[in-house]
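1. Got a sequence here, can you model it:
(4 chains)
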Number of protein chains: 2
Amino acid sequence: MSDGLARTLFALSDANRLKIVELLKTGPLPVGEIAVQLQLNQPQTSKHLKVLLEADIVRMEPVANRRIYHLRTEVFQGITAWSQSFEQQMVSRMVRLEAYLEQQQKSVDSEGVNKDGG
Amino acid sequence: MSDGLARTLFALSDANRLKIVELLKTGPLPVGEIAVQLQLNQPQTSKHLKVLLEADIVRMEPVANRRIYHLRTEVFQGITAWSQSFEQQMVSRMVRLEAYLEQQQKSVDSEGVNKDGG
DNA sequence: TATCTATATACCCTTTAAGGAATATTCCAA
DNA sequence: TTGGAATATTCCTTAAAGGGTATATAGATA
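-> Modelled structure (predicted):
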């Protein structure tokens, strides 16, 4: 899992590819249109799209002369789930910490009764 | 926004750093402990932690001789929100598409009446 | 102060990434 | 089958990343 995720995150870790992905969020586009809108050279655009393609972040639909690139939604569901697992983990750790501190507090209280208050 | 996000994603796009992050999910740890558990050399571990630190994915707490690294939860909230924005965008595009197709269907139906079925 | 532990940095090496320019490829149309 | 448009691939160059080893630094302790 981590290996595939690393690849996915790597594909998204480049500023230009991030722009491409944001652009495709508005709808599928052919290479040339992406290049124009983002002011990228066509070869660079193709190369970035290849990276995104191999990371399963986009899919390609050939239409006559052109290649239309579509965003794949599944990947983002995976990222969301993964990312959320951290938030949840933090929350449950926090809950455990609170329980622990509460427990500690009780110990201190009862010790105080036995040991005298100073 | 995209720029900072690219840096964040890049920090998470390495297999070893991903492992570190997963490990820290279980709780804060000093460098040496991370290195041992992940079977990494100490210098590599420090270097990876530096990357994570500069991307605000972890924070460092010096305790005597050692440096305890903690996961920061805020970053993941940001990633979650960003990732979810794609899923939502896809959904609303889907809704619009459905509406469009429905509209088209109505046109076809009424044209059918005028144009004859042969 | 000398020393030990824990960690960070520096330096070297190898691999890889990204941009640019040129070229190959694919598909369409005449 | 020739030409043109859209896209992919190749080659080159430069920058940066990641691993390894050695070394510097910070804090604790005798």
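2. Give the phi and psi angles for A:D56, as a check.
-> Dihedral angles of A:D56 (phi, psi; degrees, to the nearest 10) stand at phi 60, psi 30.
3. Equivalent analysis for A:P28, please.
-> When read as degrees, to the nearest 10, the backbone of A:P28 gives phi -60, psi 150.
4. contacting residues for it?
-> Going by CB atoms under 8 Å, 6 or more residues apart in numbering or on different chains, A:P28 touches A:E61, A:I68, A:Y69, A:H70, A:L71. All C-beta atoms are positioned from the backbone trio N, CA, C, and that covers glycine.
5. Mind doing that once more with 7 Å?
-> Taking CB atoms under 7 Å, 6 or more residues apart in numbering or on different chains as the criterion, A:P28 is in contact with A:I68, A:Y69, A:H70.
6. now, which of those sits nearest B:Q44?
-> A:Y69 (36.7 Å; CB to CB).
7. and the closest one, which of the three is it?
-> Here A:Y69 is recorded as strand under DSSP: H, G, I helix; E, B strand; the rest coil.
8. Quick check: beta-bridge partners of it?
-> For A:Y69, the beta-bridge partners are A:L29, A:M60 (DSSP bridges).
9. Am I right that it is in contact with A:L24?
-> Yes. A:Y69 is within contact range of A:L24, at 6.3 Å (criterion: CB atoms under 7 Å).
10. residues shared between the contacts of the two?
-> Listed as contacting both A:Y69 and A:L24 by CB under 7 Å, 6+ apart are A:V58.
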